[in-house]
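Participant: Structure, please.
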Amino acid sequence: MNKKILKYILLDLLRSKFIISYTLFLFFMSMSVIYIGHDSSKAAVSILNIILFVVPLVCIIFGTIHFYNSREFIEFLLTQPVARKSIFWSEYLGISGSLSAAFIIGAGVPVISAGINITGVYLLVTGTMLTFIFVSLAFLSSTINNDKVRGVGLSIILWLYLSVIFDGFVMMIFYMFRDYPLDKYIVALTSLNPVDLSRILILLQIDISALMGFTGATFQKFFGSISGKFISLMLLLLWIVIPAFISLRIFNRKNF
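Facilitator: Below is the predicted model:
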């Protein structure tokens, strides 16, 4: 990783109109939810719903588009005596860092001001991890596809699957095999979706098991302990690392 390149990308993005708008959007949405609801638990659930829907969508679309728009800049850097992996990590951390800063300021200030203690910490941690996860997926889509339209299309499909389709798929499995004991397999299914993992981590803090659905209720049963939460965070970390390193391998072999 080249610190000068990273600093340039990070400062450039932090000054961009999109990042500023994203920060303000999260701030006003979070403040509205908190001060209209007058209930910290309900406010936390509402902010969670915003995070699970908005953060993945913004991160994967912005990350994909920015990667394609930075193509000429990347090509220029490749002509310089800079390692490819340094360019990749500078781009990745610059985008992830700016989006994370926007999220922490936009959602963190209202959450802290409302006094949402440990639940607020989990909201910020999972939201930040989701930011890094979906930027990783954005880079994966971008490095696989040379065509911008296909790359953006794949990113949208990934977001739809993880945020919308996956839960319906799990519900269908439960309905089809409702006469069989599926408790042993539910955690494995949940680990296949970082959005579900994030939802469960937060709802475990609020202790609203009725809102957690099939996957969350079983997860609470088996992983309601500290070790279970640690495993969840490690699984989220894997969701960051695996797509990022696959993207790096493709990037190292890619002809620009």
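
Participant: List the residue ranges of the protein that fall below the pLDDT cut-off.
Facilitator: 1-2, 37-41, 115-116, 178-184, 207-225, 256 (pLDDT under 70).

Participant: so what's L248 up against?
Facilitator: Taking CB atoms under 8 Å, 6 or more residues apart in numbering as the criterion, L248 is in contact with K85, F88, W89. In short, each C-beta sits where N, CA and C put it, glycine included.

Participant: ok, the residues you listed vs A138, which is closest?
Facilitator: Closest to A138 out of these is F88 (12.9 Å), distances taken as CB to CB.

Participant: Take the contacts of L248 and keep only those in helices.
Facilitator: For the contacts of L248, membership in helices holds for K85, F88, W89, with DSSP state H as the criterion.

Participant: returning to that earlier point: buried ones only from the contacts of L248, please, as a PyMOL command.
Facilitator: Listed next is the PyMOL selection for buried residues among the contacts of L248, using 16 or more other CB atoms under 10 Å:
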select buried, resi 88+89
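
Participant: now the contacts of L248 in a markdown table, with distance to F27?
Facilitator: Converted to a markdown table, the contacts of L248 look like this (distance: CB to CB, whole Å):
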| residue | distance to F27 |
| --- | --- |
| K85 | 35 |
| F88 | 31 |
| W89 | 29 |
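
Participant: thought V55 was touching T131?
Facilitator: Yes: counting by CB atoms under 8 Å, V55 touches T131, with 6.1 Å between them.

Participant: Burial check on Q80, number of neighbours?
Facilitator: 9 (other CB atoms under 10 Å).

Participant: Where does it sit: helix, strand or coil?
Facilitator: With DSSP: H, G, I helix; E, B strand; the rest coil as the basis, Q80 sits in coil.

Participant: where's it relative to I87, distance?
Facilitator: 9 Å (CB to CB, to the nearest Å).

Participant: Now the common contact residues for those two.
Facilitator: Joint contacts of Q80 and I87 (CB under 8 Å, 6+ apart) do not exist.

Participant: where do the helices sit along the stretch 51-200 of the chain?
Facilitator: 71-78, 84-113, 117-144, 148-160, 166-176, 183-190, 194-206 (DSSP state H, counting those that start in this stretch).

Participant: M31 is nearest to which of those helices?
Facilitator: Closest to M31 of these, according to CB to CB: helix 84-113, at 4.6 Å.

Participant: May I see the buried residues of that closest one?
Facilitator: Those would be 84, 86-104, 106-108, 110-111, for helix 84-113 by 16+ other CB under 10 Å.

Participant: With respect to L14, which of the ones in helices among the contacts of L248 is nearest?
Facilitator: Of those, the one sitting nearest to L14 (CB to CB) turns out to be W89, at 17.9 Å.

Participant: Common neighbours of V55 and T131, please.
Facilitator: Common neighbours of V55 and T131 (CB under 8 Å, 6+ apart) are F103.

Participant: roughly how far apart are A188 and I118?
Facilitator: Relative to I118, and taking CB to CB, A188 is found at 27 Å.

Participant: what's the neighbour count on V121?
Facilitator: V121 has 14 nearby residues by other CB under 10 Å.

Participant: Which single one of the contacts of L248 is nearest to L160?
Facilitator: F88 (26.3 Å).

Participant: Surely N193 is in contact with F166?
Facilitator: Yes: the criterion here is CB under 8 Å, and N193 meets it with F166 at 4.8 Å.

Participant: Looking at those two, which one has more neighbours?
Facilitator: N193 (22 against 18).

Participant: Now do the same contact list for the more buried one.
Facilitator: Counting by CB under 8 Å, 6+ apart, N193 touches L162, F166.

Participant: what do you get for C59?
Facilitator: Taking CB under 8 Å, 6+ apart, one finds L99, L130, T131, I133, F134, V135, A138 in contact with C59.

Participant: For those, which two are the farthest from each other?
Facilitator: L130 and A138 (12.2 Å).

Participant: okay, these two: which has more neighbours?
Facilitator: Between L130 and A138, counted using other CB under 10 Å, A138 has the larger neighbour count: 30 against 27.
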